[in-house]
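Novice: Sequence first, predicted coordinates after that:
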Amino acid sequence: MQIFPATDILGGKVVRLTKGDYANVKVYADSPAEMAQKFMQDGAVNLHMVDLDGAKSGAPVNFEAIREAAKIKGLFIEVGGGIRNMKRIEDYLSLGVKRVILGTAAVRDYSFVEKSVKEFGDAIAVGVDAKNGLVAVSGWQETTAIKSVEFCKRLRDSGVSTVIYTDISKDGMLSGTNLEVYSELSALDGINIIASGGITFIDEIKELRKMGIYGAIVGKAVYEGKLSLKEALEAAGGNEK
């Protein structure tokens, strides 16, 4: 199973939110690129980056910070946050980013998902952010009436190869993740699921791996010293791609 340390960027700095609340933010570093280097030193080969300003505004506010991180050799970087047109996808891929994550745009304009997958294939992932089992959009600020697991099935049927599924209620709480929903999602054939939101304990990493989940994003627990990135990588089966 792949481990993706998370680097969320707000105002150019590395931060974490609690339950996606932009009013509840903690800054951990001034430089996303330096944080990426630190993760690499601990053995990471993957990095999950989100432009939180972009998620709200729909503009690539932290593009330059992501550009600097993308210069680092040996990292598989996936990027999300405010990616709502084909040019934005091309811009990120041109930096050396390996996978681009569509979020709000995938919900607002589903044809955009279909066009993106047709054009860029496995370089496209979709972030499904769930609040009480329903899809949330616009930086988690708005909840739709779309059932999150059903939406994952629709994405798979449209050719999306990777879904990053986040239970917002668990995110940043340091109290564990929603293993029940990942057990349900693991039964979906033909799509890679990356678990996100609240992963705090080594036993959760082991359980997700046992389920056959493709990847797991670790964030606040690592920043707060509750979870060792090195141990998480080991529990996931190493850092082989």
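Specialist: Yes, it's here.

Novice: Can you show me the strands along this structure?
Specialist: In order along the chain, the chain carries the following strands (DSSP state E): 2-10, 13-18, 21-29, 46-51, 76-80, 99-102, 124-131, 134-137, 142-147, 162-167, 192-196, 215-218.

Novice: what pLDDT does residue 238 get?
Specialist: What the model reports for residue 238 is a pLDDT of 61.

Novice: For the strands of the chain, please prepare CSV with the additional fields mean neighbour count.
Specialist: Bear in mind the C-beta positions are built from the backbone N, C-alpha and C, glycine included. Compiled in CSV, these are given as follows (neighbours: other C-beta atoms under 10 Å):
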stretch, mean neighbour count
strand 2-10, 24
strand 13-18, 20
strand 21-29, 13
strand 46-51, 26
strand 76-80, 24
strand 99-102, 22
strand 124-131, 25
strand 134-137, 20
strand 142-147, 14
strand 162-167, 24
strand 192-196, 25
strand 215-218, 24
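
Novice: Format those as a markdown table; extra columns: mean pLDDT and distance to residue 60.
Specialist: Formatted as a markdown table, these follow (pLDDT from 0 to 100; distance: least, C-beta to C-beta, whole Å):
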| stretch | mean pLDDT | distance to residue 60 |
| --- | --- | --- |
| strand 2-10 | 97 | 11 |
| strand 13-18 | 92 | 16 |
| strand 21-29 | 92 | 18 |
| strand 46-51 | 97 | 6 |
| strand 76-80 | 97 | 9 |
| strand 99-102 | 97 | 11 |
| strand 124-131 | 95 | 16 |
| strand 134-137 | 92 | 18 |
| strand 142-147 | 94 | 21 |
| strand 162-167 | 96 | 19 |
| strand 192-196 | 97 | 21 |
| strand 215-218 | 98 | 21 |
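
Novice: Compare those and report which one is nearest to residue 237.
Specialist: Nearest to residue 237 among those is strand 2-10 (9.1 Å), distances taken as C-beta to C-beta.

Novice: What pairs with that closest one, parallel or antiparallel?
Specialist: Using DSSP bridges, the neighbouring strands of strand 2-10 in the sheet come out as strand 13-18 (antiparallel), strand 46-51 (parallel), strand 215-218 (parallel).

Novice: quick one, the first one and strand 21-29 angle?
Specialist: Which is strand 13-18. Orientation note: strand 13-18 sits at an angle of 140 degrees relative to strand 21-29 (axes from the mean of the first three to the mean of the last three C-alpha atoms, to 10 degrees).

Novice: Residues contacting strand 13-18, please?
Specialist: Contact partners of strand 13-18, identified using C-beta atoms under 8 Å, 6 or more residues apart in numbering, comprise 6-9, 24-32, 35, 52, 171-173, 219-220, 223.

Novice: Output stretch 92-105 as PDB, restricted to C-alpha atoms.
Specialist: Output in PDB follows, covering the C-alpha atoms of stretch 92-105 (Å, rounded to 0.1, in the frame of the first residue of the first chain):
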ATOM      1  CA  TYR A  92       0.500  21.100 -13.200                       C
ATOM      2  CA  LEU A  93       1.600  18.200 -15.300                       C
ATOM      3  CA  SER A  94       4.100  20.400 -17.100                       C
ATOM      4  CA  LEU A  95       5.800  21.000 -13.700                       C
ATOM      5  CA  GLY A  96       6.400  17.200 -13.300                       C
ATOM      6  CA  VAL A  97       3.400  16.600 -11.100                       C
ATOM      7  CA  LYS A  98       2.300  13.000 -11.800                       C
ATOM      8  CA  ARG A  99      -1.300  13.100 -10.800                       C
ATOM      9  CA  VAL A 100      -3.900  15.900 -10.700                       C
ATOM     10  CA  ILE A 101      -6.900  15.700  -8.400                       C
ATOM     11  CA  LEU A 102     -10.300  17.100  -9.500                       C
ATOM     12  CA  GLY A 103     -12.700  17.900  -6.700                       C
ATOM     13  CA  THR A 104     -15.400  20.500  -7.000                       C
ATOM     14  CA  ALA A 105     -15.100  20.600 -10.800                       C
END
